[in-house]
Every structure is written in structure tokens, then in C-alpha cells.
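> model this:
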Amino acid sequence: MILISFIAFVIAALAAGGVVRWGGQHAARYGTGMPQRFHRGHVPRLGGVALLAGVVVSWAFGVLQSMAFGDPASFAMDGWVGWWVAALLPAVLGGMAEDATQRLSVRGRLLLTGLTGVLSVWLLDLQVPRLGLAWVDAWLPVAPWLGVGIAWLAVTGLPHAFNIIDGYNGLAGMVALVVCLALAHVALQVGDRSLAAVLLTTAAATGGFLIWNYPRGMLFAGDGGAYLWGVVIAIASISLVQRNPAVSPWFPVLLLIYPVWETLFSMYRKIMRGTSPGVADALHFHQLIYRRIVREVFHDDHSRRVLSRNNRTSPYLWGFTLLTVVPAVLAWQSSLILIGFCLLFVLSYVIAYLAIVRFKVPGWIQS
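Modelled structure (predicted):
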């Protein structure tokens with residue numbers, strides 16, 4: 001597992017370096033007037049290319065180990081890996097097309113992630129077998145389409161959730177890395193080595209990308225990278241619960257509650273203001289932290305000021321994420337505890353958001 005993770009890290013890091021060197025011409029296409037833009041200069045948004053390269057090459061090596069060398073690591077990686085790749089490609093390639101051309105509409109990207117959701121359910125036989133609530137679980141055998149629908153919604157929606165939080169250097173990448181490691185930890189706890197291998201290689205490829213993304217901000221994940229994180233993590237989360245009855249379905253929910261709730265709250269906020277949920281704005285939680293908590297940095301060069309404040313925003317959200325990851329990893333078998341922490345996070349998020357909006361942030365929090 002260490003070997004294929006190392007391969008994923010090296011391939012992703014080298015591919016990311018290549019994108020930084022030769023992909024700069026695409027960066028100028030990203031408009032300077034977009035509200036979600038918080039950086040200076042033209043930075044390539046094709047980090048998804050590096051992530052996809054690292055993931056696919058390492059998975060292929062895992063398949064080679066399993067099928068040609070007697071599977072010494074007990075990965076059991078064979079034909080199903082190809083179905084994973086086939087399922088994720090429509091969303092990821094569509095995201096990369098948007099990153100390179102800025103011409104793919106929001107509806108087009110939704111259709112492609114929806115297609116990835118359909119392929120995941122069809123090719124991988126994904127469904128949510130239980131919800132950890134007796135009165136709901138009693139209905140699932142009677143209406144199996146409900147579990148299939150939840151699985152499709154998760155695979156379709158999570159890529160966009162990661163895209164929403166991909167606003168500052170190291171933010172979405174570190175969240176994805178920590179979530180992958182947490183899922184891999186529990187997969188190893190229940191003896192699911194093949195799923196753990198998929199997650200650890202994804203985490204390693206993310207590490208290779210982060211070398212270029214944080215703190216210098218030389219490469220962004222873009223839609224392609226965010227969609228890859230979302231699809232792989234969604235499929236892995238559902239597979240972990242589906243294949244291992246000991247794992248509570250609320251374990252991945254708590255792990256991912258930050259990007260998921262950020263997306264739901266953003267949709268609610270925009271609908272209440274009478275705007276489309278697909279319209280970008282600069283009122284996400286991480287953007288408010290940038291504007292109202294991270295103090296102004298004094299440098300002669302404006303680009304250095306923006307970069308410094310950008311880098312100091314992400315650690316706030318890393319800490320916010322760890323507040324959900326730690327209890328999730330400790331209580332991955334207990335639905336009741338996990339549901340309680342999900343509700344606690346939602347309440348804490350809303351209180352923190354309103355406090356920042358109303359300028360009621362304690363001075364000791366600001367940096």
C-alpha cells in the first residue's frame with residue numbers, strides 16, 4: 001500500500017509541475033471579475049489533470065500487482081477498478097473542459113455529474129442499504145429504489161460541494177486528504193484493504209497536488225480536481241457502508257458535513273435572496289473568514305498581500321473540519337452519536353456564520 005501511494009504522490013506531483021510550467025496559457029481565460037476570485041495573477045486551474053494522472057496510474061499498478069503478481073498485498077484490485085474509472089470520467093473530464101475553456105455551462109456540468117452518478121449506480125451496483133434509523137430502514141427493503149436514489153444523489157452532489165469549498169489555497173485539498181485518510185482508517189479497521197488502497201492513493205495524489213497549491217498557490221484544482229475528489233469520496237463512502245454492516249451510514253455524513261452543509265446553506269441563502277443557486281457569489285463561509293477574520297497583511301506588493309491572507313484563511317477551516325473528523329473516527333459504529341455531532345455542527349456553523357455577518361467576532365479569533 002505504501003508503494004502504490006508513493007507512486008500516486010510522485011506522478012501527481014510531477015504532472016502538477018508540468019501543468020504549472022506549460023498550462024499557464026489557460027489561466028488567462030479565467031475572468032478577473034468573478035466574485036469567487038481571491039488571488040492575483042493568472043494561475044492554472046488544471047490541477048485535476050495531475051490528480052487524475054496520480055490516481056489512475058497508482059490504481060493501474062494496484063491492478064497489476066493483484067492480477068499479475070499474485071496479489072501480495074491483498075488488494076483484490078481487478079476489473080472493478082476499471083468501472084470506477086469509467087464512472088468518474090464524465091464528471092472529471094467535463095470539469096477539466098470547463099477549467100480549460102470556461103465555456104461549459106452550470107447545467108452542462110450538472111448533467112455530467114448526474115451521468116457519473118448513473119454510471120456509478122449501474123456499473124458498481126451502488127445503493128445505501130440502511131440509514132441507521134429503524135423506522136426508515138424498515139422501508140428500504142420495500143422500496144430499494146430509495147437507497148439507489150440516495151446513492152445517485154450523493155455521487156452527483158458531492159463533486160459540487162467540493163467545488164464550492166475550493167476557494168483558497170489548501171482548503172478543499174486538505175479537506176479531501178483528511179477525509180480520505182479517515183475513510184481509509186475505518187476501511188482497514190473492518191478489513192476492506194481494496195477500498196483502503198483506493199482511498200490512500202487518492203490521498204497521496206492529493207498530497208502531490210498540494211505541494212504546488214499550498215502555500216504558494218501556483219496551481220488550483222479547478223472543477224476537474226474538485227469533481228474527482230467528490231466522486232471518489234462519494235463512491236468510497238457508500239461502498240464502505242454497503243460492504244461493511246459494522247460501519248454506520250452516518251460516519252461518512254459527519255466526515256463530509258462541512259462541504260455538504262456549506263452547499264445546502266448556500267442554496268437556501270440564495271433562494272431566500274431570490275437568486276439562482278447556480279449563481280456564484282462571495283458570501284460562502286470561507287470567504288467571510290477571509291474578509292472579516294483574517295487581518296490585513298502589510299506588504300508593498302499587492303499580490304503578496306492577497307496571497308498571505310489567502311493562505312491564512314484555510315487553517316481556520318481545517319480546524320473546523322477536524323471538529324467533525326475526530327468524533328467521526330472515534331464513533332464510526334454509533335449512529336446516535338454521529339447524528340448528534342452532525343446536528344451540533346449545523347448549529348455551530350449557523351451561529352458562527354451569523355456572528356461573522358454581524359461583525360460579532362471576538363478579537364482573539366482574528367489573526
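> chain center to stretch 12-25, what's the gap?
Stretch 12-25 sits 21 Å away from the centroid of its parent chain (Cα atoms, centre = their mean, to the nearest Å).
> wait, isn't residue 66 in contact with residue 79?
No - contact status for residue 66 versus residue 79: not in contact, 10.3 Å apart, counting by Cβ atoms under 8 Å. For every residue, glycine as well, the C-beta is placed using N, CA and C.
> looking at these two, which one has more neighbours?
residue 66 (20 against 8; other Cβ atoms under 10 Å).
> nearest residue to that one other than its sequence neighbours?
Excluding its sequence neighbours, the residue lying closest to residue 66 (Cβ to Cβ, 6 or more residues apart in numbering) is residue 77, at 4.5 Å.
> report the secondary structure state of the one you found.
Following DSSP: H, G, I helix; E, B strand; the rest coil, the label given to residue 77 is coil.
> count of neighbours near it?
Using other Cβ under 10 Å: residue 77 sits among 25 other residues.
> and the pLDDT for it?
Per-residue pLDDT puts residue 77 at 89.
> that one: what's it in contact with?
By Cβ atoms under 8 Å, 6 or more residues apart in numbering, the contact list for residue 77 reads 59, 62-63, 65-67, 194, 197-198.
> make it 6 Å
62-63, 66, 194 (Cβ atoms under 6 Å, 6 or more residues apart in numbering).
> so among those, where is pLDDT lowest?
Within these, lowest confidence goes to residue 66 (88).
> neighbours around residue 19, how many?
The burial count for residue 19: 25, using other Cβ under 10 Å.
> cool, residue 72 as well?
8.
> list phi and psi for it.
phi -60, psi -20 (degrees, to the nearest 10).
> once you drop chain neighbours, what's closest to it?
Per Cβ to Cβ, 6+ apart, closest to residue 72 is residue 65, 6.8 Å.
> check residue 335 too.
residue 132 (3.2 Å).
> got it, and residue 230?
residue 159 (3.1 Å).
> thinking that neighbour is in contact with residue 228, fair?
No - applying Cβ atoms under 6 Å as the test, residue 159 and residue 228 come out as separate, 7.9 Å apart.
> count of neighbours near the closest residue to residue 124 other than its chain neighbours?
Nearest residue to residue 124 in three dimensions, chain neighbours excluded: residue 83, at 5.7 Å (Cβ to Cβ, 6+ apart). By other Cβ under 10 Å, 16 other residues sit near residue 83.
> what residues sit buried inside the helix or strand hosting residue 83?
Using DSSP states H and E, residue 83 falls within helix 79-101. Residues of helix 79-101 classed as buried by neighbour count (16 or more other Cβ atoms under 10 Å): 81, 83-84, 87-100.
> ok, back up a step: and the host helix or strand of the residue nearest to residue 72 with helix 79-101, angle?
Per DSSP H and E, residue 65 falls inside helix 47-68. Put simply, helix 47-68 runs at 170 degrees to helix 79-101, going by axes from the mean of the first three to the mean of the last three Cα atoms, to 10 degrees.
> run the chain-centre distance for helix 47-68.
Chain-centre distance of helix 47-68: 19 Å, with Cα atoms, centre = their mean.
> name the residues that touch that helix?
4, 7-8, 11-12, 15-16, 19, 75, 77-78, 81, 92, 95-96, 197, 201-202, 205, 208-209, 219-222, 224-225, 228.
> do stretch 259-266 as well
Residues contacting stretch 259-266 (Cβ under 6 Å, 6+ apart): 161-162, 164-165, 285, 346, 349.
> so how far is residue 131 from residue 141?
12 Å (Cβ to Cβ, to the nearest Å).
> typo on my end, it should be residue 96
34 Å.
> quick check: residue 91 touching residue 114?
No - between residue 91 and residue 114 there is no contact under Cβ under 6 Å: 8.7 Å.
> just flag the most distant two among the contacts of residue 77.
The largest separation in these, counting by Cβ to Cβ, is between 63 and 194 at 10.5 Å.
> follow-up on the earlier one: okay, buried residues for the helix holding residue 65 please.
47-63, 65-66.
> now find how far off-centre the helix or strand harbouring residue 200 is within its chain.
Assigned by DSSP H and E, residue 200 belongs to helix 193-213. Taking the mean of its C-alpha atoms, helix 193-213 sits 12 Å from the chain's own mean (Cα atoms, centre = their mean).
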